[in-house]
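[1] Got a predicted structure plus its sequence, pasted below:
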Protein chains: 2
Amino acid sequence: MKEVENMGLVYEMPHEVSYYECDLTGTMTVSMLVAVAIKSSEQQSALLNRGTDYIHSIGLNWIITDYLISLERLPRVGESLVFKTEAKSYNRFFCYRSFWVFDQEGQLLVEIESVFALMNQTTRKLARVQDEIIVPYETEKQTTIKRMESILPVEEGESMLVTSQFYDIDENKHVNNAVYFQWLFSPLGFDFLTTFIPTKIRVRFEKEILYGSQSQSVFEKKEEDNHVTTLHEISVKDEICCRAQIEWKKIETLD
Amino acid sequence: MKEVENMGLVYEMPHEVSYYECDLTGTMTVSMLVAVAIKSSEQQSALLNRGTDYIHSIGLNWIITDYLISLERLPRVGESLVFKTEAKSYNRFFCYRSFWVFDQEGQLLVEIESVFALMNQTTRKLARVQDEIIVPYETEKQTTIKRMESILPVEEGESMLVTSQFYDIDENKHVNNAVYFQWLFSPLGFDFLTTFIPTKIRVRFEKEILYGSQSQSVFEKKEEDNHVTTLHEISVKDEICCRAQIEWKKIETLD
């Protein structure tokens, strides 16, 4: 995992892992890990007077378009963690924010690179990133659009039907980004999820999913020794809403 | 809501409500409220050397059979709460534990009465409650079995199909009790859940639901002015696993 180098303002949030943030093996779920990370960015924004109320007052909402999550290991129940976050750079349409999760000994467990964009609350279309929103974060402005690594398509997959329920929906009235990790992982099944652990997760959100939509979560598994790659697509009426590529390692091969 | 009167040891746990514990209106979900309450009882048990490791070492697991939840109001995002819990009494097969949730001003928001039982890890059958498990809680022993109020059956209902996913399962390898609240509430739909708020929730768990089971969550709505009662049954293959009766109040009628 690479060294952490900070350019903008860094915000730190302590967090103790509860049993209800973990799966039956006592390992923190990626869904909860991402939800807690987002909480740290919301706390930083509130501190800089750029919280939800401010963003809503100018008719906008934050949405997330991409994640790249690199995992040394997933946290365990009862661990005291520190979440650090920093808005790294931005351009006309996208903001690049990183998160780091450290254990009690200061070891870096997880790094999350994410891409945020602004959605107009009325038209639900992307809005331009205005400088006044970003200035307090002391973030670097760039003129280029940074591309995250690409995701391989699913060629032939197994699928599961998912219906978006009331508690999957956030204040944007669409499925919350952290919920997708449950939808991506669940079809892999009990045996796989208790044998393998993710080491790298690349997710791209293409289109929002609204309340009550029926989606197909399709995955394809590519195995090679103890190393597995899964490719994922979540679609509503044959339109792809989310794509992902996940690298896995057999649990026994970790320290 | 009645006065809190303590007989056994009382344990207190502070908790701040995060956005990911709330629905899209910023109201804490009953599922998360119950999960946090259970965390407070786990912390008390660990403190008294009666934690999960101890219970497992004698081949047992705690399960929950009943809840009666009385709500003055549900907590909101950002609130600083105090969860209090006490093991009130026990008999040969059941332990009665109460939880209280207070806001920052010390107002009682929620009271939860619950019934715990012990399950043999091998046979998955109820085990007798041995005194040595309970002594440290300074709980009153009783010879009678306390009955919680009864639940009306569903006569004619609407239903939703739910499949238990990997992340619904807890260390008992069955659907976690807090997950049922999502399964009970979700079929009521967006409009109902943003218009009504529960004031009293009675839940009885009859039979455990294992990983991958397909369940039907059925509900019937009985309306009278601004007051609604919903009756619920969750079944696997026509066998009832969970029954519930919930009283609701229109959100506007709350102060």
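    Yep, it's here. Note that the structure is predicted; figures quoted are calculated from it, not measured.
[2] Tell me the bridge partners for the closest residue to residue A:131 other than its chain neighbours.
    Nearest residue to residue A:131, sequence neighbours excluded (C-beta to C-beta, 6 or more residues apart in numbering or on different chains): residue A:141, at 7.4 Å. For the C-beta atoms, the positions are set from N, CA and C on the backbone; glycine is no exception. Assessed by DSSP bridges, residue A:141 has beta-bridge partners residue A:90.
[3] and residue A:141, how many residues sit next to it?
    Residues near residue A:141, counting by other C-beta atoms under 10 Å in any protein chain shown, number 12.
[4] Verify the stated contact: it with residue A:89.
    Yes. Using C-beta atoms under 8 Å, residue A:141 is in contact with residue A:89, at 7.2 Å.
[5] Point out the residues in chain A that sit beside chain B.
    Residues of chain A lying close to chain B (C-beta under 8 Å from any C-beta of the partner chain) are A:18-20, A:23-24, A:26, A:29, A:31-32, A:35-36, A:38-39, A:42, A:165-167, A:169-171, A:173, A:176, A:178, A:182, A:185-186, A:188-190, A:193, A:211-212.
[6] Which ones among those map onto helices?
    Mapping those onto helices (DSSP state H) picks out A:31-32, A:35-36, A:38-39, A:42, A:182, A:185, A:189-190, A:193.
[7] And the helix or strand of chain A with the lowest mean pLDDT, what does it pack against?
    Every helix and strand in chain A was compared by mean pLDDT, DSSP states H and E; the lowest is strand A:140-141, with a mean of 88. Contact here means 3 or more C-beta pairs under 8 Å, 6 or more residues apart in numbering or on different chains; DSSP states H and E; on that basis strand A:140-141 packs against strand A:80-90.
[8] Restricting to C-alpha, output the strand it packs on in CSV.
    These are the backbone C-alpha positions of strand A:80-90, laid out as CSV (Å, rounded to 0.1, in the frame of the first residue of the first chain):
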residue,chain,number,x,y,z
SER,A,80,-10.6,1.1,17.5
LEU,A,81,-10.0,2.7,14.1
VAL,A,82,-9.1,6.1,12.7
PHE,A,83,-10.7,7.2,9.5
LYS,A,84,-8.8,10.0,7.7
THR,A,85,-10.1,11.8,4.7
GLU,A,86,-9.0,14.5,2.3
ALA,A,87,-10.5,16.2,-0.8
LYS,A,88,-7.5,15.7,-3.1
SER,A,89,-8.4,17.6,-6.3
TYR,A,90,-11.2,18.7,-8.5
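[9] buried ones in it?
    A:81, A:83-90 (16 or more other C-beta atoms under 10 Å in any protein chain shown).
[10] Looking at these, which one is closest to residue B:67?
    Nearest to residue B:67 out of the buried residues of strand A:80-90 is residue A:81 (C-beta to C-beta; 30.8 Å).
[11] Can you tell me the closest non-neighbouring residue to that closest one?
    residue A:15 (4.9 Å).
[12] Quick check on that neighbour: phi, psi?
    Dihedral pair for residue A:15: phi -160, psi 130, per degrees, to the nearest 10.
[13] Settle this for me: it is touching residue A:83, isn't it.
    Yes. Taking contacts as C-beta under 8 Å, residue A:15 lies within contact range of residue A:83: 5.8 Å.
[14] Spit out the residues that contact the two alike.
    Counting by C-beta atoms under 8 Å, 6 or more residues apart in numbering or on different chains, the contacts common to residue A:15 and residue A:83 are residue A:36.
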